[in-house]
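> below is the sequence, then the predicted model.
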Amino acid sequence: MSTATTLRAAVGAALALALAATAQTAYAGPASARTEALQPARPHTPAHTSVHTVEDDTARALAGSVGDTAWRARLAAATAGGAEADLAALTARPDAGAGRRLAAPVAAANSAVLTAKGLGAGAGPLLRVRLGDASMRAALDAGTAPWVAAAPADDDATSFTAYDARGRAHTVDATRVPEQPLYLVDVDAGRALAAGTGILRQALGGPAAAAAATGWWATRIDSVELSDDEEPWFKGDAEVYALVTGFGLDGKVRVDPVDMPYLDSDGTVYRPNQLLVNWSSYKYNLADVVLMEEDGDTNYQALAKAIAAVLLTVTDQGAYVPLVNAVLDAIPTEWWTDDPDYVDSWYTLARTSSGTLNGARGNGRMSVSPYYVSAF
């Protein structure tokens, strides 16, 4: 049995024990009558992955604890103002009440998530809980008992399962925001992405260029906007990153990941003045850019290996070859159901490129300009 399988079994057992304990908590009252976006649970078969399975088990255990009114109040305070609460820190608090029963299983669940995402312990705890939408706050503050669910693994899901304090499953309409207060358990995508891009950079970045005595040329993002960030309401803010691809100074393909944490929402123009391409690292004055969106199930070790395996077959023929298709083809087919989401791409970005550039997919638009980084 693999380490990941053993860990997952241990997590399941721990969460089952926690669920059994919290199920004894008194139920705090009937659900709101305003549940027109909700239907009785019915059999369905969403595409679960290992991360989503852990999230779902955690959500079910957490739901069993919200019958404790004091703990429910702490949970509400921790997620006020749209905040995402760190489940590990929240359940470890001395005043967590019923939530304290979840501390050990949440720690085990975090370990399972790190393993499934190909990240080391240094990435820290990733499991978070947040209120599904700000519109639910009024009913929650009025005393309506919340439900808890794992954020669906499929961006195109039409329904997903939520649990109440009695352990009953309910099917939620994913196509619109319900009025029933609903907490969502998912992964801190920003923290996962920061650790994941480090893995990609180490595996795909190639040798670092020697620092020029006077400086180096870069392409700067003056503004960027996405028509669709690939995130439905139940996923929260997007976490977008770029994969800049080209031929390194050694003639081998290199991929430089660039984190773009400010790209939270579609339809918004961001002006980051961010450096996108360091041209001193590339042999030619052309490069490609692929924008991706991090979702909870991305395994960065697997992603790095998949991309590297394909790019190793691309050789320098003495002229620039576009690499967008090679990167997209490298991503396993089954990952396209949710992660990593392809946002858009830009072919043959030149060192002299300036002005507004539309993405090949028509989903993104960037305004760029050449920028010289002085060595002093």
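In hand now; what should we look at? Numbering: from 1, shown residues only.
> and the helices in the chain?
Counting by DSSP state H, residue ranges of the helices within the chain are 3-22, 50-63, 69-78, 87-92, 103-116, 137-141, 189-204, 300-311, 324-330.
> lowest average pLDDT across those helices?
Least confidently modelled of these is helix 3-22, at a mean of 49 by mean pLDDT.
> circling back to that earlier point, right, so of the helices of the chain, which gets closest to D164?
Closest approach to D164 among the helices of the chain (CB to CB): helix 50-63, 6.1 Å. (Glycine included, C-beta is placed from N, CA and C.)
> ok, P152 - contacts?
When the contact criterion is CB atoms under 8 Å, 6 or more residues apart in numbering, the partners of P152 are P46, H52, F160, A174, F234.
> phi and psi next, for it.
Backbone dihedrals for P152, given as degrees, to the nearest 10, come out at phi -50, psi 140.
> ok, now how distant is it from A195?
Spatial separation of P152 from A195 under the definition CB to CB, to the nearest Å is 23 Å.
> for R100, same thing?
Computed as CB to CB, the R100 to A195 distance reads 28 Å.
> between those two, which is the more surrounded one?
For R100 versus A195, neighbours defined as other CB atoms under 10 Å are more numerous around A195 (18 against 15).
> counting neighbours, what do you get for the nearest residue to that one once chain neighbours are set aside?
Excluding the flanking residues, the one nearest A195 by CB to CB, 6 or more residues apart in numbering is A123, at 3.9 Å. For A123, the count of nearby residues is 21 (other CB under 10 Å).
> same deal with N273?
In terms of burial, N273 registers 10 neighbours under the definition other CB under 10 Å.
> surely it and I221 touch.
Yes. With contact defined as CB atoms under 8 Å, N273 counts as touching I221 (7.2 Å).
> residues contacting R191?
For R191, the set of contacting residues under the criterion of CB under 8 Å, 6+ apart consists of A123, G124, L126.
> which one in the residues you listed is the model shakiest on?
Lowest pLDDT of the contacts of R191: G124, 89.
> so who does that residue touch?
Taking CB under 8 Å, 6+ apart as the contact definition, G124 lies against R191.
> what does G246 give?
If a contact means CB under 8 Å, 6+ apart, then G246 has V253, R254, Y282, K283, Y284, L286, A287, D288, Y320, L323 as its contacts.
> most neighbours out of those residues, which is it?
A287 (28 neighbours).
> not counting its neighbours along the chain, what's nearest that residue?
Distances taken as CB to CB, 6+ apart put G246 closest to A287, at 3.7 Å, once the chain neighbours are dropped.
> now that neighbour: how far from Y320?
With the distance defined as CB to CB, G246 ends up 8 Å from Y320.
> overlap of the contact sets of the two?
Contact with both G246 and Y320 is made by residues Y284, L286, according to CB under 8 Å, 6+ apart.
> before we move on, back to that, looking at the contacts of P152, which is nearest T79?
Sorting the contacts of P152 by how near they are to T79, with CB to CB, puts F234 at the top with 14.7 Å.
> the closest one contacts R176, correct?
No. With contact defined as CB under 8 Å, F234 does not count as touching R176 (10.4 Å).
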